[in-house]
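In: need a structure here:
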Amino acid sequence: MTTFDITQTANPAQSKKVLFDVQHAVAIITLNDPTSLNALHSDMIAELSAALDKALYDAQVKVIVLTGAGRAFCSGGDIREMVAALGTPQDSAHMAYSLADGLGEVVRKIRKINKPIIARINGTAAGAGMNIALACDFRVASDDAKFLQAFVNIGLVPDAGGIYLLTQLIGAAKTTQLVMLGELLDAKTAQDLGLLHRLVPADALDATVTQLTERLCALPTLALAAIKQSINQVAYTGLAAALEQETIYQAQMAQTQDFQEGVRAFLQKRPAQFVGR
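Out: This is a model prediction of the structure:
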């Protein structure tokens with residue numbers, strides 16, 4: 001069996017925040033900011049969007065793997081970038097709208113790309129990081145992975161299609177519980193909910209992803225593309241509208257006192273004191 005080398009792809013010495021490599025017809029896209037647990041800031045979002053385009057138009061690529069360098073898949077939006085944008089309500093709204101819009105474009109591309117996309121979840125997948133994984137066609141996670149819809153804890157609403165994607169996968173009742181309460185899910189609970197394709201020990205993650213990529217690469221690419229587009233037409237017809245709506249809500253929430261309190265409390269590692277304003 002030929003195993004792709006994720007350590008080669010995720011070389012911390014490289015300056016780019018998103019790495020791109022092709023091995024055996026598999027494009028490996030790696031979020032590469034391990035010191036922040038691959039937090040999604042504006043530069044990384046732009047690089048991720050460009051990497052998805054590159055995988056789409058590379059004729060030799062049959063399957064795409066999306067993963068994170070270090071000990072996390074993706075910790076969600078970059079709180080420090082959010083705090084740096086705090087100023088007038090208009091400043092915060094502009095920042096939130098821009099980030100949510102960029103994340104929405106990433107999710108649109110993941111669904112529109114006519115190649116199977118596998119999320120290799122090697123640790124924490126929180127906030128928009130969790131939702132980007134939910135947008136992928138397959139999710140393979142290590143048994144130490146954690147999942148969290150963290151938005152409510154800093155006074156925001158889910159972006160990157162979170163509510164829409166979760167509702168499609170697990171229904172409205174469980175989605176309400178996860179996004180309103182911000183409950184942390186361990187990997188086994190995520191598997192039991194049906195959020196994962198495979199759950200494996202951490203030392204078996206690469207071999208399992210490789211097996212799946214090899215199986216997909218051996219299948220007829222035109223049929224897989226048609227299947228993905230058919231699934232989009234059946235299950236994801238409302239995604240574009242949901243992404244637009246959540247971008248508007250996110251800009252509104254970013255202007256609140258609760259958002260400012262939430263992000264400052266997060267950085268200060270203390271409980272937030274929300275006031276409903």
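
In: would you list every one of the strands in the stretch 101-250 of the chain?
Out: Assigned strands in the stretch 101-250 of the chain, in chain order: 117-121, 124-126, 138-142, 146-148, 184-186, 198-200 (criterion: DSSP state E, counting those that start in this stretch).

In: Paired strands for the third one, with orientation please.
Out: Pointing back at strand 138-142 there. Strand 138-142 sits in its sheet next to strand 117-121 (parallel), strand 198-200 (parallel), going by DSSP bridges.

In: Relative to residue 74, which of those is closest?
Out: With Cβ to Cβ as the measure, strand 117-121 is the member of the strands paired with strand 138-142 nearest residue 74 (8.9 Å). Where C-beta positions appear, they are placed from N, C-alpha and C, glycine not excepted.

In: ok, so what distance separates residue 204 from residue 185?
Out: The gap separating residue 204 from residue 185 is 21 Å, by Cβ to Cβ, to the nearest Å.

In: from memory residue 93 sits against residue 248, does it?
Out: No - with contact defined as Cβ atoms under 8 Å, residue 93 does not count as touching residue 248 (10.0 Å).

In: which residues of the stretch 1-150 of the chain score low on pLDDT?
Out: Scanning the stretch 1-150 of the chain with the threshold set as pLDDT under 70 gives 1-15.

In: ok, now with 50
Out: Low-confidence segments of the stretch 1-150 of the chain, defined by pLDDT under 50, are located at 1-2, 4, 6-14.

In: Helices of that one, start to end?
Out: For the stretch 1-150 of the chain, helices defined by DSSP state H, counting those that start in this stretch occupy the ranges 6-9, 42-57, 79-84, 89-112, 128-135.

In: quick revisit: quick one: which of the strands of the stretch 101-250 of the chain is nearest residue 70?
Out: Across these, residue 70 has its closest neighbour in strand 124-126 (10.1 Å, Cβ to Cβ).

In: Please identify the deepest-packed of the helices of the stretch 1-150 of the chain.
Out: helix 128-135 (a mean of 28; mean count of other Cβ atoms under 10 Å).

In: And that one, what does it pack against?
Out: In this structure, helix 128-135 makes packing contacts with strand 63-68, strand 72-74, helix 89-112, strand 117-121, helix 162-170, judged by 3 or more Cβ pairs under 8 Å, 6 or more residues apart in numbering; DSSP states H and E.

In: what's the closest of these to residue 19?
Out: strand 63-68 (9.7 Å).

In: Dump the C-alpha coordinates for that closest one into PDB.
Out: The C-alpha trace of strand 63-68 is given here as PDB (Å, rounded to 0.1, in the frame of the first residue of the first chain):
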ATOM      1  CA  VAL A  63      -9.400  13.000  -4.600                       C
ATOM      2  CA  ILE A  64      -8.700  15.900  -2.100                       C
ATOM      3  CA  VAL A  65      -7.700  15.500   1.500                       C
ATOM      4  CA  LEU A  66      -8.100  18.400   3.800                       C
ATOM      5  CA  THR A  67      -6.200  18.300   7.200                       C
ATOM      6  CA  GLY A  68      -4.300  20.400   9.700                       C
END
